[in-house]
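A.B. asks: structure for this input, please:
(4 chains)
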There are 2 protein chains.
Amino acid sequence: MTAAPDGPADRAPSRPVRTRRGRGPGDARRPVYDAGSLVTVAVAEFNTRGYDATSMEDLSRAAGISKSSFYNHVSGKEELLRAALQRALDGLFGILEERAAQNGPPLERLLHIVRRQVEVLTSELPYVTLLLRVRGNTDTERWALARRRAFDATVASLVADAISEGQVRATVQPWLAARLLSGAVNSITEWYRPGRAGAENLPDDVVRMVSGGILPSA
Amino acid sequence: MTAAPDGPADRAPSRPVRTRRGRGPGDARRPVYDAGSLVTVAVAEFNTRGYDATSMEDLSRAAGISKSSFYNHVSGKEELLRAALQRALDGLFGILEERAAQNGPPLERLLHIVRRQVEVLTSELPYVTLLLRVRGNTDTERWALARRRAFDATVASLVADAISEGQVRATVQPWLAARLLSGAVNSITEWYRPGRAGAENLPDDVVRMVSGGILPSA
DNA sequence: GTCTATAAGGAGATAGAC
DNA sequence: GTCTATCTCCTTATAGAC
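C.D. replies: Numbering: from 1, shown residues only, chains lettered A, B, ... in the order given. Next comes the predicted model:
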């Protein structure tokens, strides 16, 4: 699973976020900003206030530098958005590349994807959160929306396969099952926080509920 | 159920939206704007572009009048937002007032609420969609978020009751069931459109899936 | 009620000194 | 790399004529 190399991105730092550019032993005394750590800062701000409501001034203040210094590292607001959405999409599409997502009976592949989707969602929380809130105002946003739709379509066709092969009971239309499945899984971004008590076995819990019911009759 | 008195709010009108102020037979020749129809227009724009990305210029253009004429009817952007969110919240909290939501075994009350929530979601689609996207940047947004949380908390405590009374099998923690339940139901706003084929029995279908599983083993 | 014109401030982004 | 100062455009909102 992809870990967050920049550290927790869910908390806006109170001090400047700097990463070290090591050049050898004894020479690591010049901490500098890099584009990666600024993306981390920006994503946290975007998720707090919303992308459109977050100004470059907000971002530079959160990073602890002036607005024009901030521009020395990134070309603009949209570049930050794109980098963040790229990371979220890489995490999600990476799941589809996994062997367990490509081989075996549809239902098993599907449940593997669901389980892994929950894992990526929690490990890449700020990035996926941002992705799920994109509206489509710019080219970058429309690109992300299209990629997201492609991911959902893959899952939906797997749901259809699992039903047509008789592994899943067809209680409703396949597309509706796929929609509610995605809706339930994606909604995790709205409340999950790292270290949240009771969420240690979230992937298994989610799989159990989509299989056996969220409110199964006793 | 509350019907939309202002007509379909999901389509931005190409011509000015006017409502008639009747003063008697033969005197209905002066169509005027009213705050209600402007809210309808505004909500459609907010849902298309996002609240923050929608300017008063956008709104007035969608209504077919100039920006300053628009200001003659509403005090500002936030008033429009508040009116829309109020309507969404009224729809949701109205459910909790219904007899079937207040009397009987917890599971039956819960399933009634789910069914009705799907109905309100679809009948008041643009308003609820807007509500579910609110981030919390202004007092109005924070008020809406708090009210929404209160609604969710009511549902969550009903889930807990249904489990502790043995009507629902406790496969996971009650709060997790409640979260996924809300997530699945609320996600309907992301794809449902009035008249959508296959969604004629949406409330029943949703109840069936949360009870028996979205992907029940055959 | 509607309009044009404009005020007042905030936005993204750049210039150029240090 | 960082800063202050500034440009230009867009935003909310109002003034005042018709």
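
A.B. asks: going by C-alpha atoms from here, please, whenever you check contacts or count neighbours.
C.D. replies: Will do.

A.B. asks: buried ones in the longest helix anywhere in chain A, by neighbour count?
C.D. replies: Looking across chain A with DSSP state H, the single longest helix is helix A:139-164. Residues of helix A:139-164 classed as buried: A:140-141, A:144-145, A:147-148, A:151-152, A:155-163 (neighbour count, 16 or more other Cα atoms under 10 Å in any protein chain shown).

A.B. asks: do the next helix or strand after that helix and chain B meet at all?
C.D. replies: Of the helices and strands lying after helix A:139-164 in sequence (DSSP states H and E), the nearest is helix A:174-186. Yes - judged by Cα under 8 Å from any Cα of the partner chain, helix A:174-186 comes into contact with chain B at A:177, A:179-186.

A.B. asks: check those residues for burial and list the buried ones.
C.D. replies: Among those, the ones that count as buried by 16+ other Cα under 10 Å are A:177, A:179-186.

A.B. asks: residue A:61: which of the residues you listed is nearest?
C.D. replies: Residue A:61 has its nearest neighbour among these in residue A:186, at 30.5 Å by Cα to Cα.

A.B. asks: ok, back up a step: can you narrow the buried ones among the residues of helix A:174-186 next to chain B to ones near DNA strand C?
C.D. replies: Checked against DNA strand C using Cα under 7 Å from any atom of the strand, these yield no neighbours at all.

A.B. asks: picking that back up, can you redo the residues of helix A:174-186 next to chain B as CSV with pLDDT?
C.D. replies: Shown next, in CSV, are those (pLDDT from 0 to 100):
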residue, pLDDT
A:177, 98
A:179, 98
A:180, 98
A:181, 99
A:182, 98
A:183, 99
A:184, 99
A:185, 99
A:186, 99
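
A.B. asks: neighbours around the residue of chain A found nearest chain B, how many?
C.D. replies: Closest contact between chain A and chain B, by Cα to the nearest Cα, is at residue A:213 (3.5 Å). A total of 25 residues lie near residue A:213 under the criterion other Cα atoms under 10 Å in any protein chain shown.

A.B. asks: mind listing the strands for chain A?
C.D. replies: Chain-ordered strands for chain A, with DSSP state E as the definition, fall at A:19-20, A:31-32.

A.B. asks: on that earlier part again, need the contact list for the residue of chain A closest to chain B.
C.D. replies: Neighbouring residues of residue A:213 by Cα atoms under 8 Å, 6 or more residues apart in numbering or on different chains: B:209-214, B:216.

A.B. asks: what's the answer for residue A:216, then?
C.D. replies: B:168-169, B:210-213.

A.B. asks: now it: how far from DNA strand C?
C.D. replies: Distance, residue A:216 to DNA strand C, by Cα to the nearest atom of the strand, to the nearest Å: 47 Å.

A.B. asks: any idea how far the residue nearest in space to the middle of chain A is from DNA strand C?
C.D. replies: Of all residues in chain A, the one closest to the mean position by Cα atoms, centre = their mean is residue A:128, 1.9 Å from it. Plainly put, residue A:128 is 21 Å away from DNA strand C if you go by Cα to the nearest atom of the strand.
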